[in-house]
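**Student:** I would like to see how this sequence folds:
(chains A, B and C)
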Amino acid sequence: MSALRPTRPVWAAIVAIPVLFVVIAALQVRIDAVMRSAVNQREELLLQSGNTLRKLSLGYESLLADIYWTRAVQYYGERLGVEDANYELLAPLLDITTTLDPRLIVAYRFGSVFLSERGRAGPGRTDLAVALVKKGIAANPNEWRLYFDLGFLYYWRLKDYPAASTAYLAGSKVPGAPPWMKLVAARIAEKGGSFDISRTIWAELYETTKDPHLRKKALQQLQGLKAAEDEAELNKLAGQYRDRFGHDPASAKELREAGLLAGIPVDPAGFPYVFGADGKSHLSPESPIVEVKP
Amino acid sequence: MNITSGAVAINAFREAVRDRVLYNLVVFALVMIGAAILVGQISIGIERLVIINLGLSAISIFGLVMAIFIGVGLVYKEMEKRTLYSLLSKPIHRWEFLVGKYAGLLLTLTVNTFLMSVGLAAALFYVGRPFLRSDLSVVVAVYFILLELALVTAFALFFSCFSSPMLSTLFTLGIYVTGVFAKDIRDFGKLTHVPVLEVGTRVLYYVLPNYHNFNVIAAAAHGDSIPLSLIWQNTLYALAYVGLILAGASAVFSRRNLK
Amino acid sequence: MSGPAIDILGLTKDYPLGFWRKRMRRSLDNLILQIEEGEVFGFLGPNGAGKTTTLKLLMGLIFPTAGTARIRGRSIEDIRMHSDIGYMPEQPYFYDYLTASELLDYYARFFGYGPAERRDRVAKTLGRVGLADAAELQLRKFSKGMLQRVGIAQAILHDPEVVFLDEPMSGLDPVGRHEVRDIILELKKQGRTIFFSTHILSDAEMLCDRVGVLHMGKLFGVGAPDEIVSIEVRGMEVLFEARDGRTLPANLPGCATKIGARYRIEVHEEELYAALEQLRGYNARILSVSPVRPTLEDYFLQLVTGKGASGVPEVNRQ
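**Tutor:** Numbers count the residues shown, from 1 in each chain, chains lettered A, B, ... in the order given. Below you'll find the model as predicted:
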């Protein structure tokens, strides 16, 4: 038999608690908005030293590393595309993460790509990116992907082809490295930059990482490269058109009517190429690839 | 708060004072003095930063410890020692008793925090920086710490109604830690890309007390101004959450058979 | 005010037992009892009978499995009922960091008294329980007897109409008990209703208008102390002593006990004169002859040990 106990406070609670939870959630949304808009104000990582944190973490370094890794990703995500975004904490966050857990490879890879991004997409600090990847190689000398990343930085960002070639060569010697790394090293040493090599590199990045941000980036880059290739091809055809008709083609349709093209070419995002006043082909302004074309 | 709860509150405050709880201020004072002296030797320009960071963090930690350790005994002690027997035979509702005990501890914490802030101001003064307008953000930071403590105390009181001090401490501390990392938990969930986990962690984010809302220590250290909207939003948030927990505590405690 | 001061209607309390809390232990079984205004009622029973459980139920400290009660017309679920009553718990414990007068002042606030009236009442009440000198002493320094008195003080501070006392004499020395008895009698003279539980029968016999006997959660008898026990005379008691140091022979009539120089025998009424003759033969000096009635204690022991009751009536419940 249940006891006869007061029910009024229970009913009051049953009514009040859900209502208050709704209020709380609503307030939380507002608070998050306020805190996010303060994102460009200076922030402080209380402890910027990864080593100090490591000592303080009392054995929970990996957990703390995961937390800082998540924060780094979140930090970047909040700022991507924001006007005048301030990325100054990205490098320290990644540095702390990798000090706490030197074997968190994805952090090095993330840093190599996004630390070196410019403009609204990143802090544009290739030097920090290189330092981070070298730190990663020091801690993980058998991780061929990191040599790949280092090579990528030299090749893509710094256009330092000898250094890039050296990096790829070093990586190719690591057990488990894919055979084409040696080839790439040789080709770069020979020819410097080319579409083929760039495509190989981004394609490899896409294949070998599971991190969704990196994959997205790589895919975009591949699309941009394809677009650049397509445009180069179209420009060649435009040149033929000019030779034949004496003026620049106004659109791809004219090229097709002239028999130079089989159909209307579209970029990897599905938008047709257009011709500008200068007679050169460009991406359609509506195409999302416009942003990433090298 | 009515007269009855007020009487209980004042008595709870009196108990804290007589239990010499406020002696923790002595330790705090020593810490601040030590810091101020040390900092004087460091290169110019960041003394303010360090003192504020250290001071606010210490205020937060001392307050947290006090809130939990006194809070988990608020109701439990009275039930164990049976002092509640004579009290509840008087014309006082059980919820009035709870609100009174809560308010008493909150009062103790407020007094404690205020005195510590004075200590912090003294340390800043010693270090030689005159008070600037931007120091207002330090005041706001202290206020936010108080709001944080109000939440923690409410949880401690809630658990005190039905659980032993050791378990209550674990629960309260557990909720505190989870609340501090609430945002990270939600972000973890987003990264997994598993829909159930994403939704689950999102719900958790809104249900848990998000203590990071109240952490503006960094901004205060740099003298950044804190938006007014955040101040009233955090106040409302704390009010709503405390109300929620006290409602729950009343419901639980009102039905409890005392031993 | 019409109706009984305390009207208990079938209060029942079960406690769950065992790890899975499946079995129930019934500590109070359908208690039905009415106490009139101005009565002093003694609630008797051995330890564990359910007396404290009853009081805790009335005070709202625990909740009944079934049944309810009204005090001065108000249900025990009504918080306003508490303004009219005073309660002293068994072995009371108070906030040891307060002084006696601080404690009483604290409690007085719940009745809405202003500061002046509070001071007044606190002083007066401390005087009534004989603690005027210890008013500014911290409660942690109080002896058990002093704490007992504080317990009574906080129960009568607000001059309640009905006072509940749980074992008010326990732990007190004879002087203390005498003082408590005086307080109870004084309250009775003021016309208040007093309900107190005890297992000391002599106190109950002396103070109470009526008593109720509780055993294993059940009410066994209610009535005036002498109604509960049989008015039937059990026998005659003769007290005597030896004259001039002469020792008395061993085979004395009836059951004999010796206390110091005194002898006591108990004989059936019919055999009284024969016994007296015998004693005259021994040249004993007769000190007293009186009838022996069973006491509450006898009734009690009978009840508790389950020995057969002879002529103990179940008195009508009023």
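**Student:** now residue A:212, nearest residue through space, not along the chain?
**Tutor:** Once flanking residues are discounted, residue A:212 sits nearest to residue B:193: 7.2 Å by Cβ to Cβ, 6 or more residues apart in numbering or on different chains. C-beta coordinates here come from the backbone N, C-alpha and C atoms, glycine included.
**Student:** residue B:230 now?
**Tutor:** residue A:34 is the one closest to residue B:230 (Cβ to Cβ, 6+ apart), at 4.8 Å.
**Student:** now do the helix or strand hosting the one you found, average pLDDT.
**Tutor:** In the assignment (DSSP states H and E), residue A:34 maps to helix A:8-37. On average, the pLDDT along helix A:8-37 is 88.
**Student:** any idea which helix or strand comes after the helix or strand where residue A:190 lies?
**Tutor:** Using DSSP H and E, residue A:190 sits in helix A:180-191. Sequence order places helix A:195-208 as the next helix or strand after helix A:180-191, per DSSP H and E.
**Student:** list the buried residues in that next one.
**Tutor:** A:197-198, A:200-202, A:204-206 (16 or more other Cβ atoms under 10 Å in any protein chain shown).
**Student:** what packs against the helix holding residue A:34?
**Tutor:** If you count contacts as 3 or more Cβ pairs under 8 Å, 6 or more residues apart in numbering or on different chains; DSSP states H and E, helix A:8-37 packs onto helix B:195-207, helix B:228-254.
**Student:** winner for burial among those helices?
**Tutor:** Of all those, helix B:228-254 carries the top mean neighbour count, a mean of 20, counting by mean count of other Cβ atoms under 10 Å in any protein chain shown.
**Student:** who are the packing partners of it?
**Tutor:** Using 3+ Cβ pairs under 8 Å, 6+ apart, helix B:228-254 is in contact with helix A:8-37, helix B:94-127, helix B:136-160.
**Student:** and residue C:169, what's its pLDDT?
**Tutor:** Looking at residue C:169, its pLDDT is 87.
**Student:** what about it, which SS state?
**Tutor:** For residue C:169, the assignment made with DSSP: H, G, I helix; E, B strand; the rest coil gives coil.
**Student:** doesn't residue C:175 make contact with it?
**Tutor:** No. When contacts are counted by Cβ atoms under 8 Å, residue C:169 is not listed as touching residue C:175 (11.6 Å).
**Student:** now do the residue nearest the centre of chain B against residue A:261, distance only.
**Tutor:** With distances taken as Cα atoms, centre = their mean, the residue of chain B nearest its centroid is residue B:149 (0.9 Å). Using Cβ to Cβ, to the nearest Å, we find residue B:149 at a distance of 72 Å from residue A:261.
**Student:** most tightly packed of the helices and strands packed on helix B:228-254?
**Tutor:** Stretch with highest mean neighbour count among the helices and strands packed on helix B:228-254: helix B:136-160 (a mean of 24; mean count of other Cβ under 10 Å).
**Student:** other residues contacting whichever helix or strand comes after that helix?
**Tutor:** Next along the chain after helix B:136-160, taking DSSP H and E as the criterion, comes helix B:165-180. Helix B:165-180 is contacted from outside by B:64, B:68-69, B:71-73, B:76, B:152, B:155-156, B:159-160, B:163, B:185, B:208-212, using Cβ atoms under 8 Å, 6 or more residues apart in numbering or on different chains.
**Student:** closest to residue A:87 out of the helices and strands packed on helix A:8-37?
**Tutor:** Closest to residue A:87 of these, according to Cβ to Cβ: helix B:228-254, at 23.3 Å.
**Student:** quick one: work out the angle between the closest one and helix B:136-160.
**Tutor:** Helix B:228-254 and helix B:136-160 are oriented at 10 degrees to each other (axes from the mean of the first three to the mean of the last three Cα atoms, to 10 degrees).
**Student:** what about chain B, any weak spots by pLDDT?
**Tutor:** Along chain B, the model assigns pLDDT under 70 to residues B:1, B:39-46, B:128-130, B:134.
**Student:** point out the residues in it that sit beside chain A.
**Tutor:** Within reach of chain A by Cβ under 8 Å from any Cβ of the partner chain, chain B has these residues: B:53, B:57, B:94-95, B:181, B:183-184, B:187-188, B:191, B:193, B:205-207, B:210, B:213, B:217-219, B:221-222, B:224, B:227, B:229-230, B:233-234, B:236-237, B:240-241, B:243-244, B:247-248, B:250-251, B:254-255, B:257.
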